[in-house]
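Novice: my questions are about this predicted structure, shown below with the sequence.
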Amino acid sequence: MFLCTGHAPLNAHLYRICKLVTPFCSNCPNVEENVHHYLFTCPMYQHAHHQLSNALGCQATSLPYILTDPTATPHLIKYINATGRMKAILGEILLPCTPAS
């Protein structure tokens, strides 16, 4: 997923590829909008982060877990959709299909 590689449509990456003039979060002056900031510290997404924390428990503070564990994927997708941050570029991200038993 694009969040694992850092190639997410967040300001830090867009700045690196010369698509923006600043890497900073539009909600947090002088704070780079990278994956960590987007998932954990941006106050704009506090409600979505709270829901993610409730769903994942103590694992919600582990970036490697959130980005790589298949059980975290549906919750991460819900977070991304709830924030609306990437909707203009990626649209609504669909939850992965689960195989029929």
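Specialist: Looks like it arrived, so ask away.
Novice: need the contact list for Q46.
Specialist: Q46 makes contact with no residue, according to CB atoms under 8 Å, 6 or more residues apart in numbering. C-beta here means a position set from N, CA and C on the backbone, and glycine is covered the same way.
Novice: could you list the low-pLDDT ranges of the protein?
Specialist: 1, 98-101 (pLDDT under 70).
Novice: would you map the helices across it?
Specialist: Secondary structure of the chain, counting by DSSP state H: helices at 2-5, 11-16, 35-36, 46-56, 63-68, 73-83, 87-90.
Novice: could you export those helices as a markdown table, including distance to P29?
Specialist: A markdown table is the format used below for the helices of the chain (distance: least, CB to CB, whole Å):
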| stretch | distance to P29 |
| --- | --- |
| helix 2-5 | 24 |
| helix 11-16 | 12 |
| helix 35-36 | 17 |
| helix 46-56 | 17 |
| helix 63-68 | 24 |
| helix 73-83 | 19 |
| helix 87-90 | 22 |
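Novice: first-to-last residue distance for stretch 3-20?
Specialist: End-to-end distance of stretch 3-20: 18 Å, with CA to CA, to the nearest Å as the criterion.
Novice: tell me which residues in that stretch are buried?
Specialist: Across stretch 3-20, burial judged by 16 or more other CB atoms under 10 Å covers 3, 8, 10-15.
Novice: can I get the residues you listed in a markdown table including distance to T22?
Specialist: As requested, these are exported to a markdown table (distance: CB to CB, whole Å):
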| residue | distance to T22 |
| --- | --- |
| L3 | 21 |
| A8 | 16 |
| L10 | 12 |
| N11 | 7 |
| A12 | 10 |
| H13 | 12 |
| L14 | 9 |
| Y15 | 6 |
